[in-house]
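> let me see the structure of the following:
(2 chains)
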Amino acid sequence: MDLSEPSLERLRLKLRYKVLYHVGHNCADVDDLVQETLSRFIRAAQKDQIRNTDEFGAFINGVCRNVILEYRRRVKREPTLDEDIEIPEVGVRPDADILEMRNAIDSVLAELADRDRAILRELYLDGKEKDEICVEWKMSDAQFRVVLFRAKERFRKVYAGEVKQRD
Amino acid sequence: MNCRMEPIQREQVIAKYLSRALDADAVEEFEGHYLGCDECFDELRLSKRMAAELRRSNLTWKRNGGISVLQFSRAAELMHSADELDQLRREVLEQSDTRVIIDLSRVTRIDSAGLGQLMSCYSHLVRNQGSLKVVNVTPEVKKVMDMTGISSLIRAFSNEQEAVKSFN
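Numbering: from 1, shown residues only, chains lettered A, B, ... in the order given. Below is the predicted model:
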């Protein structure tokens, strides 16, 4: 089991994704939940309580689920957070960087045909099935694949390097 | 869920996860997987950001001297079935502000649907004791607005400050 600093930081980022997915961006306790999950996971690893270390994702997922459940119960019992309080974003990058990337993203979006944008929206935002989209747009699987992966590759280039940083 | 599945299948799982169309068991399975798999997690991050950009409206809103100013953040065509028409409708017709300026500097083309939407915004604002002005109209759009007589109803200004002053 790799408990080195880089591995744990990577795991922390992944856990942040999961926690945010379940508690939302307005929750002020996201980092605490991530930290609590990591602490329990490390304690379990040090005590050799993780039976299948190759499948540790499922294990830590279970730990995180429990931490979130406990948190929800606690918040229900003791509602302390004022919902109107605006939670500041952490890790805000300099404006110039954001502007530069914004321009790059805008040019990627502008390069996409209206049809491609609509197809991607249906897939990612509306949760439509690939087959449903193919029928609607009268396209083959291969054409759908081209639209999807061409767009993804363009975004991948924009985020190359940047994606290594925190989201 | 595993990363040996076809990339297109994996992408579908990711897309459904992002649009919250996966059932609870599938969410658990996917999360259990990506927490232990760097490759799938990187694909998820990339798709999530792409989805966020797709969701981002092209229309930005700001206040200038108590007037609402709407501006397209990237090149836009106010044409039939363009997303921008829907965004414009939401921003103007569904908001309470009745004094509105639309910056058309990034609008490169307009058709009857776009003109119809502008007129619909204008009528809505006038009915509510407000007004609509446009600024930085591109030559292509100005030509169409002049031809159809819309420019006699919706006044165009060469810059935002002039348009803001005209409300006073």
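> spatially nearest residue to the closest residue to chain A within chain B (excluding sequence neighbours)?
Using C-beta to the nearest C-beta, the single residue of chain B nearest to chain A is residue B:36, 2.5 Å away. Every C-beta, even on glycine, is put in place using the N, C-alpha and C of the backbone. Residue nearest to residue B:36 in three dimensions, not counting chain neighbours: residue A:57, with 2.5 Å by C-beta to C-beta, 6 or more residues apart in numbering or on different chains.
> let me know the average pLDDT across the helix or strand that neighbour falls within.
Here residue A:57 sits within helix A:56-77, counting by DSSP states H and E. In this model, helix A:56-77 carries a mean pLDDT of 92.
> can you pull the buried residues of it?
Residues of helix A:56-77 classed as buried: A:56-65, A:67-68, A:71 (neighbour count, 16 or more other C-beta atoms under 10 Å in any protein chain shown).
> can you find the helix or strand of chain A with the lowest average pLDDT?
Sorting the helices and strands of chain A by mean pLDDT, DSSP states H and E puts helix A:95-111 at the bottom, at a mean of 66.
> what's the next secondary structure element after that helix?
Counting by DSSP H and E, the next helix or strand C-terminal to helix A:95-111 is helix A:114-124.
> residues of chain B that sit close to chain A?
Within chain B, the residues that sit near chain A (C-beta under 8 Å from any C-beta of the partner chain) are B:7-8, B:11-12, B:15-16, B:18-21, B:28, B:31-38, B:41-42, B:44-51, B:53-55, B:73-75, B:81-83.
> circling back: list the helices and strands the helix holding residue A:57 packs on?
Contacts defined by 3 or more C-beta pairs under 8 Å, 6 or more residues apart in numbering or on different chains; DSSP states H and E place helix A:56-77 against helix A:5-23, helix A:30-46, helix B:24-34.
> would you mind giving these as a markdown table with mean neighbour count, mean pLDDT and distance to residue A:154 added?
Listed next are the helices and strands packed on helix A:56-77 as a markdown table, based on neighbours: other C-beta atoms under 10 Å in any protein chain shown; pLDDT from 0 to 100; distance: least, C-beta to C-beta, whole Å:
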| stretch | mean neighbour count | mean pLDDT | distance to residue A:154 |
| --- | --- | --- | --- |
| helix A:5-23 | 17 | 91 | 23 |
| helix A:30-46 | 17 | 93 | 30 |
| helix B:24-34 | 18 | 93 | 23 |
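> so who does the residue lying closest to residue B:62 once chain neighbours are set aside touch?
Excluding its sequence neighbours, the residue lying closest to residue B:62 (C-beta to C-beta, 6+ apart) is residue B:69, at 5.1 Å. Residues in contact with residue B:69 (C-beta atoms under 8 Å, 6 or more residues apart in numbering or on different chains) are B:61, B:62, B:63, B:100, B:101, B:102, B:103, B:160.
> could you chop chain B up by domain?
Listed domain ranges for chain B are B:7-55, B:59-166 (source: automatic domain parsing).
> got the contact list for the helix holding residue A:57?
A:1, A:11, A:15, A:18-19, A:22-23, A:29, A:33, A:36-37, A:40-41, A:44-45, A:50, A:52, A:81, B:28, B:31-37.
> any idea of the angle that helix forms with helix B:24-34?
Counting by axes from the mean of the first three to the mean of the last three C-alpha atoms, to 10 degrees, helix A:56-77 lies at 130 degrees to helix B:24-34.
> and helix A:56-77 with helix A:30-46, angle?
If you take the same axes, to 10 degrees, helix A:56-77 sits at 130 degrees to helix A:30-46.
> run the chain-centre distance for helix A:56-77.
Remark: helix A:56-77 is offset 17 Å from the chain centroid, using C-alpha atoms, centre = their mean, to the nearest Å.
> gap between residue B:55 and residue B:69?
To residue B:69, residue B:55 is 22 Å away according to C-beta to C-beta, to the nearest Å.
> typo on my end, residue A:27
Distance, residue A:27 to residue B:69, using C-beta to C-beta: 33 Å.
> now residue B:41: closest residue in space, sequence neighbours ignored.
Take residue B:41 and drop its neighbours on the chain: the residue closest to it by C-beta to C-beta, 6+ apart is residue B:34, 4.5 Å away.
> need the contact list for that neighbour.
A:14, A:17, A:57, B:40, B:41, B:44.
> which one among these gets closest to residue A:152?
For those, the minimum distance to residue A:152 (C-beta to C-beta) is 11.8 Å, reached by residue B:44.
> what distance do you get for the closest residue to chain B within chain A to residue B:38?
Going by C-beta to the nearest C-beta, chain B is nearest to residue A:57 of chain A, at 2.5 Å. Between residue A:57 and residue B:38 the computed distance is 11 Å (C-beta to C-beta).
> next: residue B:146.
From residue B:146 to residue B:38 the distance is 58 Å (C-beta to C-beta).
> in chain B, which helix is the longest?
Looking across chain B with DSSP state H, the single longest helix is helix B:38-55.
> now do that one against helix A:5-23, angle only.
Computed by the same axes, to 10 degrees, the angle between helix B:38-55 and helix A:5-23 is 40 degrees.
> next one: phi and psi at the residue of chain A positioned farthest from its centre?
Centroid-distance maximum for chain A: residue A:138 at 31.6 Å, with C-alpha atoms, centre = their mean. Main-chain torsions, residue A:138, degrees, to the nearest 10: phi 50, psi 50.
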